[in-house]
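Trainee: Build me a model:
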Amino acid sequence: MTGDLRDQHLTVGDTDRRDLDPSLDRALIRNLRDAGENDDAALSPNTLRSYQTGWRQYRDWCRGRYLEPLTGHPEQIATYLASLVPSDDAAARRKISTVKLRLAAIKHFFREAGQVMDWKHPAIAKQIRGLARRNPTLVRQDPVAALGIADLEAIVAGIETGGLRGLRDRALILVGFAAGLRRSELVAIQVEHMTAVEGGYEIWLGTTKTDEGDRDNVALIAETGTKICPVGALNAWLDRSGLQEGPVFRGFLPNGDLRPTALSDQAVRLVMKERAAAVGLDVRRTQRGGRTVTEQVRWGGHSLRRGIATAVAEATDGDVKAVQEAGRWKSAVTALRYVESTRRVDRSASALVMSAKKKDT
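Mentor: Numbers count the residues shown, from 1 in each chain. Just a heads-up that it's a prediction; the model follows:
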């Protein structure tokens, strides 16, 4: 099979390209097309775009070497993965997370084509482990900073709310933090998805990364009576913008009018970076290894979700279930990572028994 696999992959909007037998019952034709659209909807748009990019890059690598992309040889896949982390070009090396994402893309398109491959074959499994061991600096990127309550208060206080943009950004940050939302979930909120309940809002998140689309997938935000109240910020934005339906968080046209479409998930990252920098939180002086260092702070859309998870972990003294509920994680293992991230040096064994600050007994 040498054609572009993308042409065989039905996506939403591509239904007219499928050639169906005209003798088929019209209702069956509609069912077949609906089935194809539902199949694509199982993946988020971001995931699908990432897979398409990964497959295209792998396919181009194969073509440049006169290789068949849909190979039956795991050694070929392993060789491609190795090419992503060349030993003779440090600048061209991809992070191990990128390598794994490229492998996931290849798996996806193999499945779409009905091509069988032993993905646990030693050639592939050992390649991933070997790349990680030989390139430890590429294994893990420093995560974005978790947005703490003090920083949240500082950022919100620095937002001018005399105009629509300030009202939108304040609501975006506070709702995203309070509900522990992923970027994709935050920008996907529709006015119709929100239900006013006693003490706040219930927000239906629709189909998400870990959900199958039932109405139980909701997040709650509460009135807090403080300057960082997410309900108050959301109401102020909706009242001034006049939005009554469609996307809650939108961009602006050059003339200042609201766009009809939702913000991109990347816009959440940009808003966080801009608002943090505006109040001087893009650079921080901190103690590391007994020395004071000045470092750049990595802010992003995930700072909101990571921030509420970390805050709940600290407020509940590491209650994994509370953190799990805050982030709506299906697995307690994921929540545990956020609990573990709150472990600080001042709670270590050496600090407890060797510190000059310990209480006299």
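Trainee: neighbouring contacts of stretch 328-344?
Mentor: The set of residues that contact stretch 328-344 without belonging to it, under CB atoms under 8 Å, 6 or more residues apart in numbering, is 146, 180, 210, 217, 219, 306, 309-310, 313-314, 318-321, 323-324, 327. Placement of C-beta: from N, CA and C, glycine included.
Trainee: just the buried members of those residues?
Mentor: Listed as buried from the contacts of stretch 328-344 are 146, 180, 217, 219, 306, 309-310, 313-314, 318, 320, 323-324, 327; burial here means 16 or more other CB atoms under 10 Å.
Trainee: In strands, which of those appear?
Mentor: In strands, defined here by DSSP state E, the members of these are Ala219.
Trainee: got the buried ones among the contacts of stretch 328-344 as a markdown table, with pLDDT columns?
Mentor: Listed next are the buried ones among the contacts of stretch 328-344 as a markdown table, based on pLDDT from 0 to 100:
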| residue | pLDDT |
| --- | --- |
| Ala146 | 86 |
| Gly180 | 92 |
| Asn217 | 82 |
| Ala219 | 91 |
| Arg306 | 89 |
| Ala309 | 88 |
| Thr310 | 88 |
| Ala313 | 85 |
| Glu314 | 84 |
| Gly318 | 80 |
| Val320 | 85 |
| Val323 | 84 |
| Gln324 | 85 |
| Gly327 | 83 |
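Trainee: Mind putting the buried ones among the contacts of stretch 328-344 into CSV with distance to Gln244?
Mentor: Conversion of those to CSV gives the following (distance: CB to CB, whole Å):
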residue, distance to Gln244
Ala146, 35
Gly180, 26
Asn217, 23
Ala219, 21
Arg306, 33
Ala309, 33
Thr310, 35
Ala313, 38
Glu314, 39
Gly318, 43
Val320, 40
Val323, 35
Gln324, 35
Gly327, 30
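Trainee: and the buried ones among the contacts of stretch 328-344, which of them are in helices?
Mentor: In helices, defined here by DSSP state H, the members of these are Arg306, Ala309, Thr310, Ala313, Glu314, Val320, Val323, Gln324, Gly327.
Trainee: gap between the longest helix seen in the chain and the chain center?
Mentor: Across the chain, the helix with the greatest residue count (assigned by DSSP H) is helix 45-63. Taking CA atoms, centre = their mean, to the nearest Å, one finds the center of helix 45-63 at 19 Å from the center of the full chain.
Trainee: Report all helices and strands that it contacts.
Mentor: Contact here means 3 or more CB pairs under 8 Å, 6 or more residues apart in numbering; DSSP states H and E; on that basis helix 45-63 packs against helix 74-83, helix 96-112.
Trainee: Worst mean pLDDT among those?
Mentor: Mean pLDDT values for the helices and strands packed on helix 45-63 show the minimum at helix 96-112, a mean of 91.
Trainee: and the helix or strand following that helix with helix 96-112, angle?
Mentor: Under the assignment DSSP states H and E, the closest C-terminal helix or strand after helix 96-112 is helix 122-134. In terms of direction (axes from the mean of the first three to the mean of the last three CA atoms, to 10 degrees), helix 122-134 departs from helix 96-112 by 160 degrees.
Trainee: And helix 122-134, what's buried?
Mentor: Going by neighbour count (16+ other CB under 10 Å), the buried part of helix 122-134 is Ile124, Gln127, Leu131, Ala132.
Trainee: what does that helix rub up against?
Mentor: The contact list for helix 122-134 (CB under 8 Å, 6+ apart) reads 74-75, 77-78, 81-82, 85, 87, 96, 99-100, 103, 138-139.
Trainee: redo that, cut-off 6 Å
Mentor: Counting by CB atoms under 6 Å, 6 or more residues apart in numbering, helix 122-134 makes contact with Pro74, Glu75, Ile77, Ala78, Leu81, Val85, Ile96, Val139, all of which sit outside it.
Trainee: Now do that helix: distance to the chain's middle.
Mentor: Using CA atoms, centre = their mean, the mean C-alpha position of helix 122-134 is found 26 Å from that of the whole chain.
Trainee: can you check stretch 155-163 too?
Mentor: The answer for stretch 155-163 is 26 Å, by CA atoms, centre = their mean.
Trainee: Check stretch 172-179 too.
Mentor: If you compare the mean C-alpha spot of stretch 172-179 with that of the full chain, they lie 15 Å apart, counting by CA atoms, centre = their mean.
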